[in-house]
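Undergrad: My questions concern the predicted model and sequence given below.
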Amino acid sequence: WVTYNSRDKSGNNPGTAIVLKDEEREQVAKYLDEKIAKEKYRVLGLNVLYDHVHCLLVCDHDELPKIIGQLKGYASHRLHAESTDRNRRVNPTVDEPQYSDGTRKKLWASDYSNTYINDESHYANTIAYIRENHKKHSIEPLKYSFKNLTPLDKAFVPQHNGGFDCVIGNPPYINLKRGF
């Protein structure tokens with residue numbers, strides 16, 4: 001996903017973009033890692049750059065919008081809450097920190113793009129791309145080391161969140177007097 005106004009679906013910059021400073025990149029990485037741990041999301045790769053985030057996530061297709069929304073929302077909320085400059089709660093490089101109604105500018109664009117991994121080679125290339133993407137943008141890698149990424153061998157293990165299975169028998173019933 002991308003930061004607010006950094007680019008639209010066609011790759012054009014639609015306005016004054018939110019650009020994360022180095023310190024903010026580190027904070028966002030930490031906040032995303034916290035949310036991943038709290039929700040037990042299965043994330044295989046993650047990188048935070050100045051104007052976008054790469055995240056390789058294992059989930060059902062219908063869960064994707066909710067999970068991305070929760071990750072973006074949590075990181076945005078934490079970054080705003082812990083900002084020391086209350087006048088520019090997102091980024092001091094943005095000339096207009098607020099909309100005309102006084103609300104804060106959004107940190108993230110509302111949309112995101114996604115790609116499905118189709119084989120082991122695609123997976124390996126995607127992980128390498130995520131890990132090394134800072135080089136493409138000529139920026140330093142994150143100092144923060146993610147603690148809650150899921151190893152590939154555990155990413156596709158079914159998750160059990162408690163509860164129990166209920167088996168309901170249908171006729172014909174077994175006559176215990178004749179059986180066993």
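TA: Here it is on my side, so go on.
Undergrad: Could you list the low-pLDDT ranges of this structure?
TA: Across the chain, the ranges flagged by pLDDT under 70 are 7-15, 84-105, 159-180.
Undergrad: Tell me where it has helices.
TA: According to DSSP state H, the chain carries its helices in the segments 22-39, 64-81, 120-136, 152-155.
Undergrad: Those: which one's closest to Ser110?
TA: helix 64-81 (9.0 Å; Cβ to Cβ). Every C-beta, even on glycine, is put in place using the N, C-alpha and C of the backbone.
Undergrad: Sort out which residues of that closest one are buried, please.
TA: If you call a residue buried by 16 or more other Cβ atoms under 10 Å, then helix 64-81 has these buried ones: 67-68, 71-72, 74-76, 78-79.
Undergrad: ok, back up a step: distance to Thr16 for the helices of the chain - can I get that in a markdown table?
TA: Shown next, in a markdown table, are those (distance: least, Cβ to Cβ, whole Å):
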| stretch | distance to Thr16 |
| --- | --- |
| helix 22-39 | 16 |
| helix 64-81 | 17 |
| helix 120-136 | 23 |
| helix 152-155 | 38 |
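Undergrad: For Trp108, which of those helices is the nearest?
TA: Across the helices of the chain, the minimum distance to Trp108, taken as Cβ to Cβ, is reached by helix 64-81, at 4.5 Å.
Undergrad: Convert the C-alpha atoms of the closest one to CSV, please.
TA: Written as CSV, here are the backbone C-alpha positions of helix 64-81 (Å, rounded to 0.1, in the frame of the first residue of the first chain):
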residue,chain,number,x,y,z
LEU,A,64,-7.5,-9.3,2.8
PRO,A,65,-9.3,-5.9,2.9
LYS,A,66,-10.0,-6.2,6.6
ILE,A,67,-6.4,-7.2,7.5
ILE,A,68,-4.8,-4.5,5.3
GLY,A,69,-7.2,-2.0,6.8
GLN,A,70,-6.3,-3.0,10.4
LEU,A,71,-2.6,-2.9,9.7
LYS,A,72,-2.8,0.6,8.1
GLY,A,73,-5.2,1.9,10.8
TYR,A,74,-3.1,0.6,13.7
ALA,A,75,0.2,2.1,12.3
SER,A,76,-1.5,5.4,11.4
HIS,A,77,-3.2,5.6,14.9
ARG,A,78,0.0,4.9,16.7
LEU,A,79,2.1,7.3,14.6
HIS,A,80,-0.4,10.1,15.2
ALA,A,81,-0.7,9.3,18.9
